[in-house]
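Sequence and computational prediction follow.
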Amino acid sequence: MFVYEKKLQYPVKIATPNPKLAAVIISQYGGPDGELGASMRYLSQRFSMPYPELKGLLTDIGTEELGHLEMVGAIIHQLTRDLNDEQIRTAGFDAYFVDRTTGVYPTAASGFPWSAASMAVKGDVIADLTEDLAAEQKARVTYDNILRLSDDPDVNDVIKFLREREIVHFQRFGEGLRLAKEKMNAKNVYYLNPSFD
Amino acid sequence: METAKKAGAATDAALRCGEGAGSLPGVCAPLAFPYIPMQENDPPRYSQNDAMRAGTLFPGLDLPFHKEIRSRFPNADPALTELMALDFAIQELGLYLTTHADDREALELYWSYIRLGKQGREKYVEQYGPLCLTDVTPGSFKWLNDPWPWDLGGND
(Lines give C-alpha, C1' and ligand atoms only; values in the text may rest on other atoms or scores of the structure.)
Protein backbone atom coordinates (compact mmCIF):
# COMPACT_ATOMS: atom_id res chain seq x y z
CA MET A 1 0.00 0.00 0.00
CA PHE A 2 1.03 3.61 -0.15
CA VAL A 3 1.24 6.20 2.62
CA TYR A 4 1.45 9.92 1.88
CA GLU A 5 4.24 11.98 3.34
CA LYS A 6 3.43 15.69 3.63
CA LYS A 7 6.59 17.03 2.02
CA LEU A 8 8.15 17.23 -1.44
CA GLN A 9 11.29 15.35 -2.44
CA TYR A 10 12.92 18.67 -3.40
CA PRO A 11 11.56 22.15 -2.55
CA VAL A 12 9.42 24.02 -5.10
CA LYS A 13 9.30 27.79 -4.59
CA ILE A 14 8.30 29.76 -7.69
CA ALA A 15 8.44 33.54 -7.11
CA THR A 16 6.93 34.69 -10.42
CA PRO A 17 3.75 33.30 -12.01
CA ASN A 18 4.20 32.44 -15.69
CA PRO A 19 1.22 30.72 -17.35
CA LYS A 20 2.97 30.33 -20.68
CA LEU A 21 5.74 28.30 -19.06
CA ALA A 22 3.16 26.24 -17.13
CA ALA A 23 1.52 25.32 -20.45
CA VAL A 24 4.83 23.77 -21.55
CA ILE A 25 5.82 22.08 -18.29
CA ILE A 26 2.40 20.37 -18.05
CA SER A 27 3.84 17.81 -20.48
CA GLN A 28 5.94 16.34 -17.70
CA TYR A 29 2.73 15.94 -15.68
CA GLY A 30 0.58 14.18 -18.25
CA GLY A 31 2.50 14.08 -21.53
CA PRO A 32 3.90 11.05 -23.39
CA ASP A 33 7.15 10.95 -21.36
CA GLY A 34 5.83 12.54 -18.19
CA GLU A 35 5.89 11.47 -14.57
CA LEU A 36 2.35 10.05 -14.49
CA GLY A 37 3.20 7.64 -17.32
CA ALA A 38 6.50 6.81 -15.64
CA SER A 39 4.89 5.82 -12.34
CA MET A 40 2.10 3.84 -14.05
CA ARG A 41 4.60 2.07 -16.32
CA TYR A 42 6.88 0.92 -13.49
CA LEU A 43 4.25 0.21 -10.88
CA SER A 44 2.34 -1.89 -13.44
CA GLN A 45 5.32 -3.71 -14.95
CA ARG A 46 6.49 -4.94 -11.56
CA PHE A 47 3.66 -7.49 -11.19
CA SER A 48 5.07 -9.75 -13.88
CA MET A 49 8.73 -9.39 -12.89
CA PRO A 50 10.20 -12.79 -11.94
CA TYR A 51 13.25 -11.64 -9.93
CA PRO A 52 13.31 -9.83 -6.57
CA GLU A 53 15.84 -7.17 -7.70
CA LEU A 54 13.47 -6.14 -10.49
CA LYS A 55 10.39 -6.12 -8.25
CA GLY A 56 12.33 -3.86 -5.90
CA LEU A 57 13.68 -1.62 -8.63
CA LEU A 58 10.30 -1.00 -10.27
CA THR A 59 8.57 -0.45 -6.92
CA ASP A 60 11.25 1.98 -5.77
CA ILE A 61 11.53 4.00 -8.98
CA GLY A 62 7.76 3.89 -9.63
CA THR A 63 7.18 5.35 -6.17
CA GLU A 64 9.83 8.05 -6.63
CA GLU A 65 8.11 9.04 -9.91
CA LEU A 66 4.88 9.66 -7.95
CA GLY A 67 6.91 12.12 -5.88
CA HIS A 68 8.12 13.74 -9.11
CA LEU A 69 4.53 13.96 -10.37
CA GLU A 70 3.74 15.92 -7.21
CA MET A 71 6.72 18.25 -7.77
CA VAL A 72 5.74 18.97 -11.39
CA GLY A 73 2.15 19.57 -10.24
CA ALA A 74 3.49 22.00 -7.61
CA ILE A 75 5.42 23.90 -10.31
CA ILE A 76 2.27 24.20 -12.48
CA HIS A 77 0.16 25.22 -9.48
CA GLN A 78 2.60 27.93 -8.41
CA LEU A 79 3.19 29.22 -11.95
CA THR A 80 -0.56 29.76 -12.44
CA ARG A 81 -1.48 31.47 -9.18
CA ASP A 82 -3.07 34.94 -8.92
CA LEU A 83 -3.45 35.39 -12.68
CA ASN A 84 -4.97 38.61 -14.02
CA ASP A 85 -7.20 38.93 -17.10
CA GLU A 86 -4.26 39.69 -19.32
CA GLN A 87 -2.29 36.67 -18.10
CA ILE A 88 -5.10 34.18 -18.73
CA ARG A 89 -5.16 35.40 -22.34
CA THR A 90 -1.47 34.49 -22.74
CA ALA A 91 -0.98 32.70 -26.00
CA GLY A 92 -0.33 29.05 -25.20
CA PHE A 93 -2.20 29.14 -21.88
CA ASP A 94 -5.64 30.42 -23.03
CA ALA A 95 -6.54 27.05 -24.59
CA TYR A 96 -5.70 25.25 -21.34
CA PHE A 97 -7.50 27.84 -19.23
CA VAL A 98 -10.81 27.59 -21.07
CA ASP A 99 -11.04 23.86 -20.25
CA ARG A 100 -9.33 23.54 -16.87
CA THR A 101 -9.17 27.06 -15.37
CA THR A 102 -6.04 26.70 -13.18
CA GLY A 103 -6.66 23.10 -12.19
CA VAL A 104 -3.75 20.72 -12.80
CA TYR A 105 -4.85 18.18 -15.43
CA PRO A 106 -2.68 15.37 -16.85
CA THR A 107 -2.24 16.40 -20.45
CA ALA A 108 0.58 16.85 -22.94
CA ALA A 109 1.59 20.40 -23.86
CA SER A 110 -0.02 19.68 -27.24
CA GLY A 111 -3.42 19.35 -25.48
CA PHE A 112 -3.59 15.58 -25.90
CA PRO A 113 -4.85 14.17 -22.56
CA TRP A 114 -2.70 11.60 -20.73
CA SER A 115 -2.99 8.25 -22.42
CA ALA A 116 -1.92 4.77 -21.36
CA ALA A 117 -0.96 4.40 -25.02
CA SER A 118 2.17 6.41 -24.20
CA MET A 119 3.51 3.62 -21.97
CA ALA A 120 3.91 -0.12 -22.30
CA VAL A 121 3.67 -3.28 -20.21
CA LYS A 122 4.79 -6.23 -22.32
CA GLY A 123 5.06 -8.88 -19.59
CA ASP A 124 8.60 -9.78 -20.68
CA VAL A 125 11.72 -8.93 -18.69
CA ILE A 126 13.97 -7.76 -21.53
CA ALA A 127 11.23 -5.93 -23.44
CA ASP A 128 9.94 -4.11 -20.36
CA LEU A 129 13.34 -3.07 -19.04
CA THR A 130 14.45 -1.90 -22.49
CA GLU A 131 11.28 0.18 -22.64
CA ASP A 132 12.18 1.65 -19.26
CA LEU A 133 15.68 2.60 -20.41
CA ALA A 134 14.17 4.42 -23.41
CA ALA A 135 11.51 6.05 -21.22
CA GLU A 136 14.14 7.53 -18.89
CA GLN A 137 16.03 8.93 -21.88
CA LYS A 138 12.86 10.49 -23.34
CA ALA A 139 12.01 12.09 -20.02
CA ARG A 140 15.59 13.38 -19.77
CA VAL A 141 15.29 15.00 -23.22
CA THR A 142 11.96 16.61 -22.25
CA TYR A 143 13.65 18.16 -19.22
CA ASP A 144 16.55 19.30 -21.44
CA ASN A 145 13.99 20.95 -23.72
CA ILE A 146 12.25 22.63 -20.78
CA LEU A 147 15.64 24.03 -19.74
CA ARG A 148 16.00 25.44 -23.26
CA LEU A 149 12.54 27.04 -23.14
CA SER A 150 12.59 28.42 -19.59
CA ASP A 151 14.68 31.21 -18.15
CA ASP A 152 13.03 31.16 -14.73
CA PRO A 153 15.75 30.20 -12.21
CA ASP A 154 13.19 28.98 -9.62
CA VAL A 155 11.73 26.56 -12.16
CA ASN A 156 15.05 25.50 -13.65
CA ASP A 157 16.45 24.68 -10.22
CA VAL A 158 13.77 22.00 -9.80
CA ILE A 159 13.88 20.82 -13.43
CA LYS A 160 17.63 20.29 -13.17
CA PHE A 161 17.08 18.00 -10.16
CA LEU A 162 14.35 16.01 -11.94
CA ARG A 163 16.47 15.67 -15.06
CA GLU A 164 19.38 14.17 -13.15
CA ARG A 165 17.06 11.59 -11.56
CA GLU A 166 16.31 10.26 -15.07
CA ILE A 167 20.02 9.57 -15.59
CA VAL A 168 20.31 7.74 -12.26
CA HIS A 169 17.19 5.67 -13.06
CA PHE A 170 18.59 4.83 -16.50
CA GLN A 171 21.73 3.49 -14.82
CA ARG A 172 19.73 1.40 -12.33
CA PHE A 173 17.44 -0.08 -14.99
CA GLY A 174 20.53 -1.04 -16.97
CA GLU A 175 21.98 -2.71 -13.89
CA GLY A 176 18.66 -4.49 -13.35
CA LEU A 177 18.87 -5.85 -16.87
CA ARG A 178 22.40 -7.09 -16.17
CA LEU A 179 21.32 -8.81 -12.95
CA ALA A 180 18.37 -10.39 -14.77
CA LYS A 181 20.63 -11.69 -17.53
CA GLU A 182 22.72 -13.60 -15.03
CA LYS A 183 19.61 -15.59 -14.11
CA MET A 184 18.57 -16.33 -17.68
CA ASN A 185 19.71 -18.99 -20.13
CA ALA A 186 23.44 -18.29 -20.56
CA LYS A 187 23.55 -19.29 -24.24
CA ASN A 188 20.30 -17.70 -25.39
CA VAL A 189 18.46 -15.13 -23.28
CA TYR A 190 15.54 -15.30 -25.71
CA TYR A 191 15.01 -19.04 -25.23
CA LEU A 192 12.05 -18.37 -23.00
CA ASN A 193 10.30 -15.54 -21.19
CA PRO A 194 11.00 -15.91 -17.44
CA SER A 195 7.97 -13.73 -16.70
CA PHE A 196 5.71 -16.38 -18.24
CA ASP A 197 7.38 -19.72 -19.00
CA MET B 1 31.46 19.99 -4.95
CA GLU B 2 33.16 17.99 -2.30
CA THR B 3 33.03 14.27 -2.13
CA ALA B 4 32.23 13.02 1.37
CA LYS B 5 35.38 11.70 2.95
CA LYS B 6 33.83 10.24 6.06
CA ALA B 7 34.18 6.63 7.16
CA GLY B 8 32.42 4.45 4.67
CA ALA B 9 33.08 6.72 1.72
CA ALA B 10 35.22 5.03 -0.89
CA THR B 11 38.55 6.23 -2.12
CA ASP B 12 39.02 6.26 -5.88
CA ALA B 13 41.73 3.63 -5.46
CA ALA B 14 39.12 1.12 -4.26
CA LEU B 15 37.35 1.37 -7.62
CA ARG B 16 38.97 -0.54 -10.42
CA CYS B 17 37.26 1.47 -13.15
CA GLY B 18 37.12 4.96 -11.59
CA GLU B 19 33.95 6.69 -10.39
CA GLY B 20 32.58 7.53 -13.84
CA ALA B 21 33.05 4.05 -15.33
CA GLY B 22 31.88 0.55 -14.46
CA SER B 23 32.43 -3.13 -15.08
CA LEU B 24 31.23 -5.07 -18.12
CA PRO B 25 31.15 -8.88 -18.16
CA GLY B 26 34.62 -9.76 -19.42
CA VAL B 27 36.25 -8.71 -22.67
CA CYS B 28 33.62 -10.39 -24.85
CA ALA B 29 29.87 -10.10 -24.34
CA PRO B 30 27.01 -11.91 -26.07
CA LEU B 31 25.36 -10.24 -29.05
CA ALA B 32 21.85 -8.77 -29.14
CA PHE B 33 21.76 -7.66 -25.52
CA PRO B 34 22.08 -4.10 -24.21
CA TYR B 35 24.74 -3.47 -21.57
CA ILE B 36 24.99 -0.74 -19.00
CA PRO B 37 28.19 -1.02 -16.94
CA MET B 38 27.55 -2.00 -13.31
CA GLN B 39 28.45 0.82 -10.97
CA GLU B 40 31.20 -0.59 -8.77
CA ASN B 41 30.69 -1.25 -5.07
CA ASP B 42 31.24 1.49 -2.52
CA PRO B 43 31.45 4.32 -5.07
CA PRO B 44 32.48 7.88 -4.05
CA ARG B 45 29.60 9.91 -2.65
CA TYR B 46 28.68 13.56 -2.30
CA SER B 47 27.74 15.11 1.02
CA GLN B 48 23.97 15.23 1.57
CA ASN B 49 23.56 18.86 0.49
CA ASP B 50 25.78 18.42 -2.55
CA ALA B 51 23.73 15.35 -3.49
CA MET B 52 20.57 17.50 -3.50
CA ARG B 53 22.35 20.10 -5.62
CA ALA B 54 23.49 17.48 -8.11
CA GLY B 55 20.29 15.39 -8.07
CA THR B 56 22.37 12.30 -7.28
CA LEU B 57 24.47 11.04 -4.38
CA PHE B 58 27.11 9.76 -6.81
CA PRO B 59 29.65 12.06 -8.55
CA GLY B 60 30.12 9.38 -11.22
CA LEU B 61 26.48 9.75 -12.31
CA ASP B 62 26.44 13.56 -12.13
CA LEU B 63 26.13 14.40 -15.85
CA PRO B 64 24.67 17.92 -16.27
CA PHE B 65 23.13 19.56 -19.35
CA HIS B 66 24.80 22.68 -20.77
CA LYS B 67 21.72 24.85 -20.11
CA GLU B 68 21.60 23.96 -16.44
CA ILE B 69 21.92 26.59 -13.76
CA ARG B 70 23.77 26.34 -10.50
CA SER B 71 21.52 24.73 -7.90
CA ARG B 72 20.01 26.99 -5.26
CA PHE B 73 19.59 24.26 -2.66
CA PRO B 74 18.97 24.80 0.23
CA ASN B 75 16.50 27.54 -0.71
CA ALA B 76 13.82 26.87 1.87
CA ASP B 77 13.24 26.25 5.56
CA PRO B 78 16.47 24.82 7.07
CA ALA B 79 14.78 22.14 9.21
CA LEU B 80 12.80 20.93 6.20
CA THR B 81 15.69 21.01 3.73
CA GLU B 82 17.93 19.18 6.19
CA LEU B 83 15.35 16.41 6.41
CA MET B 84 14.88 16.43 2.61
CA ALA B 85 18.63 16.06 2.07
CA LEU B 86 18.88 13.19 4.54
CA ASP B 87 15.82 11.46 3.08
CA PHE B 88 17.26 11.89 -0.41
CA ALA B 89 20.54 10.25 0.60
CA ILE B 90 18.51 7.40 2.11
CA GLN B 91 16.40 7.05 -1.03
CA GLU B 92 19.43 7.12 -3.34
CA LEU B 93 21.27 4.50 -1.25
CA GLY B 94 18.16 2.32 -1.08
CA LEU B 95 17.83 2.41 -4.86
CA TYR B 96 21.55 1.68 -5.24
CA LEU B 97 21.19 -1.31 -2.89
CA THR B 98 18.44 -2.84 -5.05
CA THR B 99 21.13 -3.54 -7.66
CA HIS B 100 24.08 -3.80 -5.21
CA ALA B 101 22.65 -5.89 -2.39
CA ASP B 102 26.13 -7.21 -1.50
CA ASP B 103 27.70 -3.77 -0.85
CA ARG B 104 28.20 -3.98 2.91
CA GLU B 105 29.69 -0.46 3.24
CA ALA B 106 26.70 1.12 1.51
CA LEU B 107 24.29 -0.94 3.63
CA GLU B 108 25.93 0.18 6.88
CA LEU B 109 25.78 3.80 5.74
CA TYR B 110 22.15 3.34 4.65
CA TRP B 111 21.18 2.06 8.08
CA SER B 112 23.08 4.79 9.89
CA TYR B 113 21.27 7.44 7.80
CA ILE B 114 17.93 5.79 8.55
CA ARG B 115 18.65 5.90 12.30
CA LEU B 116 19.61 9.57 12.00
CA GLY B 117 16.48 10.19 9.95
CA LYS B 118 14.24 8.75 12.64
CA GLN B 119 15.54 11.26 15.21
CA GLY B 120 15.33 14.10 12.69
CA ARG B 121 11.71 13.31 11.85
CA GLU B 122 10.66 13.23 15.49
CA LYS B 123 12.19 16.65 16.06
CA TYR B 124 10.65 18.02 12.88
CA VAL B 125 7.17 16.71 13.70
CA GLU B 126 7.34 18.15 17.20
CA GLN B 127 8.28 21.61 15.89
CA TYR B 128 6.41 21.90 12.59
CA GLY B 129 3.61 19.35 12.53
CA PRO B 130 2.96 15.92 11.08
CA LEU B 131 4.70 14.44 8.04
CA CYS B 132 2.31 11.48 8.01
CA LEU B 133 -1.36 11.31 8.91
CA THR B 134 -0.43 8.86 11.67
CA ASP B 135 2.16 11.13 13.36
CA VAL B 136 1.04 11.90 16.92
CA THR B 137 1.14 15.65 17.55
CA PRO B 138 0.73 17.25 20.96
CA GLY B 139 -2.51 19.11 21.66
CA SER B 140 -4.53 18.88 18.48
CA PHE B 141 -5.02 17.32 15.05
CA LYS B 142 -2.59 19.27 12.89
CA TRP B 143 -2.61 17.23 9.67
CA LEU B 144 -4.91 19.66 7.87
CA ASN B 145 -2.87 22.75 8.63
CA ASP B 146 -1.92 24.89 5.62
CA PRO B 147 0.29 25.22 3.71
CA TRP B 148 0.44 21.88 1.90
CA PRO B 149 3.68 20.97 0.15
CA TRP B 150 2.59 22.18 -3.30
CA ASP B 151 1.40 25.58 -2.09
CA LEU B 152 3.59 28.64 -2.24
CA GLY B 153 5.15 28.74 1.21
CA GLY B 154 4.75 24.99 1.59
CA ASN B 155 8.51 24.66 1.73
CA ASP B 156 9.28 27.72 3.86
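All right, it came through fine.

secondary structure element for the residue in chain B positioned nearest to chain A?
Nearest residue of chain B to chain A: B:Ile36, at 2.3 Å (Cβ to the nearest Cβ). C-beta here means a position set from N, CA and C on the backbone, and glycine is covered the same way. Using DSSP states H and E, B:Ile36 maps to neither a helix nor a strand.

Excluding residues flanking it in the chain, which one is nearest it?
What sits nearest to B:Ile36 in space, not counting adjacent residues and going by Cβ to Cβ, 6 or more residues apart in numbering or on different chains, is A:Gly174, at 2.3 Å.

The one you found - that's part of a helix, no?
Yes. A:Gly174 forms part of a helix when assessed by DSSP: H, G, I helix; E, B strand; the rest coil.

residues near the residue of chain B closest to chain A, how many?
17 (other Cβ atoms under 10 Å in any protein chain shown).

same question, A:Lys7
Neighbour tally, A:Lys7, other Cβ under 10 Å: 21.

So the nearest residue to A:Leu8 once chain neighbours are set aside: helix, strand or coil?
With Cβ to Cβ, 6+ apart as the criterion, A:Leu8 has its nearest non-adjacent residue at 4.7 Å, and that residue is B:Pro149. State at B:Pro149, reduced to three classes by three-state DSSP: coil.

and A:Val12, what element?
Short version, using DSSP H and E: A:Val12 is in no helix or strand.

That one is in contact with A:Leu79, isn't it?
No. Under the criterion of Cβ atoms under 8 Å, A:Val12 is not in contact with A:Leu79, lying 10.0 Å apart.

Spit out the contact partners of the most centrally placed residue in chain B.
Centroid-nearest residue in chain B, with Cα atoms, centre = their mean: B:Ala89, separated by 2.1 Å. Listed by Cβ atoms under 8 Å, 6 or more residues apart in numbering or on different chains, the contact set of B:Ala89 reads B:48, B:51, B:57, B:113.

Out of these, give me the one that has the most neighbours.
Busiest of these [other Cβ under 10 Å] is B:Leu57, holding 28 neighbours.

That residue and B:Arg72, how far apart?
The gap separating B:Leu57 from B:Arg72 is 19 Å, by Cβ to Cβ, to the nearest Å.

count of residues packed around B:Lys118?
9.

same question, the one 10 residues further on
Neighbour count of B:Tyr128, defined by other Cβ under 10 Å: 17.

was I right about the residue nearest to A:Leu8 contacting A:Tyr4?
No. Using Cβ under 8 Å, B:Pro149 makes no contact with A:Tyr4, being 9.8 Å away.

So between those two, which is more surrounded?
B:Pro149 (20 against 11).

Against A:Gln78, how distant is the more buried one?
Taken as Cβ to Cβ, the span from B:Pro149 to A:Gln78 is 11 Å.

same check, this time on B:Ile90
Relative to A:Gln78, and taking Cβ to Cβ, B:Ile90 is found at 27 Å.

same deal with A:Leu21?
11 Å.

in stretch A:82-93, what counts as buried?
A:83, A:87-88, A:90, A:93 (16 or more other Cβ atoms under 10 Å in any protein chain shown).

Please flag which of those residues sit within helices.
A:87-88 (DSSP state H).

and of the buried residues of stretch A:82-93, the nearest to chain B?
Distances from chain B to the buried residues of stretch A:82-93, taken by Cβ to the nearest Cβ, are shortest for A:Leu83, at 13.5 Å.

and the closest one, what does it touch?
Neighbours of A:Leu83 in contact, by Cβ under 8 Å, 6+ apart: A:17, A:19, A:102.

who wins for most neighbours among those residues?
A:Pro19 (22 neighbours).

where does the residue positioned nearest the centre of chain A land on pLDDT?
Centroid-nearest residue in chain A, with Cα atoms, centre = their mean: A:Glu35, separated by 2.0 Å. We note a pLDDT of 98 for A:Glu35 in this prediction.
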